[in-house]
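# what follows is a predicted structure for the sequence shown.
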Amino acid sequence: MAKRGGFPGGMPGNMNNIMKQAQRMQRQMEENQKELERKEFTAAAGGGAVEVTVTGKKEVVKVKLSEEVVDPDDIEMLEDLIMAATNEAIRKAEEANAEVMNKMAGGLGLGGGFPF
């Protein structure tokens, strides 16, 4: 009868190495995530009239408006510019996050993607 539940060919030693490597990668991912959360990403709209800064946690930490963009008769334009700058800053933060994740996946030998 075949042996069940074991690892043929000395796999337990390799399993320990795999577990250690996984733990090391998890620590690296946590460190990279914390570093990314501390970074700030700034984007502008309206030729620099509106500038928004977000953190890697996607929290808005700064909004800068040029005086000439503050027109009480055209609030809608200002709202659109703030929205555009905010979305662009968030996109930059997401790109940085994806870059970190791709580097980590490359370290797994996955080539940045899964074969299925």
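Yep, that arrived. Fair warning: this is a prediction, and the values are worked out from it, not measured in the lab.
# next one: the spatially most central residue of the chain from residue 53, what distance?
Most central residue of the chain, judged by C-alpha distance to the mean C-alpha position with CA atoms, centre = their mean, is residue 97 at 1.8 Å. In this structure, residue 97 and residue 53 are separated by 16 Å, where distance is defined by CB to CB, to the nearest Å. (Each C-beta comes from the backbone N, C-alpha and C, glycine too.)
# re the thing from before, looking only at pLDDT, what's the mean for the helix or strand hosting the residue nearest to the centre of the chain?
Using DSSP states H and E, the element containing residue 97 is helix 75-107. Along helix 75-107, the predicted local confidence has a mean pLDDT of 90.
# same for it, what does it pack against?
With contacts defined as 3 or more CB pairs under 8 Å, 6 or more residues apart in numbering; DSSP states H and E, helix 75-107 has these neighbours: helix 11-38, strand 40-45, strand 50-55, strand 60-65.
# need the winner for burial among these.
Per-residue neighbour counts averaged over each of the helices and strands packed on helix 75-107 give the maximum for strand 50-55, namely a mean of 21 (mean count of other CB atoms under 10 Å).
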